[in-house]
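Novice: sequence unknown, structure follows:
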Ligand code: AVI
């Protein structure tokens, strides 16, 4: 049975940034609110869609190079899977790496724990831990976990969900954690989506079956439970667009008419035409991503691209 370390903060604290965002102009919601039980399942479904190329391209890179990637990493490592989800991204690497410890970090820890329970029999030499936390403002590492030969695994282009300055400070925080480890250095395996034809990106965030729309709108259902709100999901529509200036895909929820919404101790009107920003997904150039890693204190060791050169997996080492 994988051990569970739960660092999720108390509800009242956790919701403060949400409430600040709901009163902002334009209103916005931190993307972690996508991931309740249903949201996590919908996200898994998104990764199976033909339109959602980031997962497909990343899988292709790992299917082709996993062994070579593992060969570059230390033996008996602590593999820290940031945003582990159902563990499927890491499985491609785990097979070859066989780390001493696998720490799956995720805010939706219940589904991650179930997934690790199924994986555990295949990795009897690997200690398995689920670290339940929101790492969007930095990863806090419990001392009792130890962190020998850290390998941070940040796949799925989740780095794109940070604003660039937050991405730099988050990655810099990982560097600091490496410095505190016995080896003082650590490895980072990171996947990132590269900027490409806007039509391809648009389809990925607005698929024909409407799975991404359901994922986006489910966030309101989650908020209704989390803060006692009364969003009427039927009156908010999914909208995805590429913001060229910021080089990012954005997801919005647009009310079809003015909506008065109440929650415990507050409320506001969401005006027709004034959307709720739910996600930014930054798309990098290869050179831009190298600069980001360097600014955060990482030296790029090797890069792998898929055949279409639309997705990058990078091995970097803290310096
Ligand atoms: C988790 N994250 C990297 C996904 C992305 O592409 O930004 C979440 C997602 N949003 C819509 N589809 C998938």
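Specialist: Nice, thanks for sending it over. Please read these numbers as outputs of a predicted model, since none were measured by experiment. Numbers count the residues shown, from 1 in each chain.

Novice: who in this protein is up against the ligand?
Specialist: Counting by Cβ under 6 Å from any ligand atom, the chain comes close to the ligand at 46, 54, 156, 157, 158, 160, 161, 205, 212, 279, 281. C-beta: built from backbone N, CA, C; applies to glycine.

Novice: what secondary structure does the last one sit in?
Specialist: Same thing as residue 281. strand (DSSP: H, G, I helix; E, B strand; the rest coil).

Novice: Just the mean pLDDT for stretch 179-194, thanks.
Specialist: For stretch 179-194, mean pLDDT rounds to 88.

Novice: what comes up buried for that stretch?
Specialist: Across stretch 179-194, burial judged by 16 or more other Cβ atoms under 10 Å covers 181, 186, 187, 188, 189, 190, 191, 192, 193, 194.

Novice: Pretty sure the last one sits against residue 306.
Specialist: No - distance between residue 194 and residue 306: 9.5 Å, which falls outside the contact criterion (Cβ atoms under 8 Å).

Novice: Secondary structure and distance to residue 113 added to the buried residues of stretch 179-194, as JSON lines?
Specialist: Shown next, in JSON lines, are the buried residues of stretch 179-194 (DSSP: H, G, I helix; E, B strand; the rest coil; distance: Cβ to Cβ, whole Å):
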{"residue": "181", "secondary structure": "coil", "distance to residue 113": "25"}
{"residue": "186", "secondary structure": "coil", "distance to residue 113": "25"}
{"residue": "187", "secondary structure": "strand", "distance to residue 113": "25"}
{"residue": "188", "secondary structure": "strand", "distance to residue 113": "25"}
{"residue": "189", "secondary structure": "strand", "distance to residue 113": "23"}
{"residue": "190", "secondary structure": "strand", "distance to residue 113": "24"}
{"residue": "191", "secondary structure": "strand", "distance to residue 113": "23"}
{"residue": "192", "secondary structure": "strand", "distance to residue 113": "27"}
{"residue": "193", "secondary structure": "strand", "distance to residue 113": "28"}
{"residue": "194", "secondary structure": "strand", "distance to residue 113": "33"}
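
Novice: which pair in those spans the largest distance?
Specialist: 181 and 194 (30.5 Å; Cβ to Cβ).

Novice: any weak-confidence spans in the stretch 201-319 of the chain?
Specialist: By pLDDT under 70, the stretch 201-319 of the chain contains no weakly predicted segment.

Novice: Distance of residue 245 relative to residue 264?
Specialist: 37 Å (Cβ to Cβ, to the nearest Å).

Novice: neighbour-wise, which of those two wins?
Specialist: Using other Cβ atoms under 10 Å as the criterion, residue 245 and residue 264 rank with residue 264 on top: 11 against 6.

Novice: All the strands of the stretch 1-150 of the chain, residue numbers only.
Specialist: 3-6, 78-82, 101-106, 127-132, 150-154 (DSSP state E, counting those that start in this stretch).

Novice: centre of the chain versus the fourth one, how much separation?
Specialist: For strand 127-132, the distance from its own C-alpha centre to the chain's C-alpha centre is 17 Å (Cα atoms, centre = their mean, to the nearest Å).

Novice: Now the stretch 1-150 of the chain against the ligand: closest residue?
Specialist: Of all residues in the stretch 1-150 of the chain, residue 46 sits closest to the ligand, at 5.0 Å by Cβ to the nearest ligand atom.

Novice: ok, back up a step: nearest to residue 250, out of the strands of the stretch 1-150 of the chain?
Specialist: Among the strands of the stretch 1-150 of the chain, strand 150-154 sits nearest to residue 250 (Cβ to Cβ), with 21.5 Å.

Novice: and the residue of the stretch 201-319 of the chain found nearest the ligand, how many neighbours?
Specialist: Distances between the stretch 201-319 of the chain and the ligand by Cβ to the nearest ligand atom are smallest at residue 281, namely 3.4 Å. Neighbourhood size, residue 281 [other Cβ under 10 Å]: 20.

Novice: wait, it sits on residue 248?
Specialist: Yes - Residue 281 is in contact with residue 248 according to Cβ under 8 Å; the separation is 5.8 Å.

Novice: Mutual contacts of those two, please.
Specialist: Counting by Cβ atoms under 8 Å, 6 or more residues apart in numbering, the residues touching both residue 281 and residue 248 are residue 160.

Novice: So what pairs up with the closest residue to residue 187 other than its chain neighbours in the strands?
Specialist: Spatially, and ignoring its direct neighbours in sequence, residue 187 is nearest to residue 151 (4.5 Å; Cβ to Cβ, 6 or more residues apart in numbering). Per DSSP bridges, residues listed as beta-bridge partners of residue 151: residue 79, residue 187.
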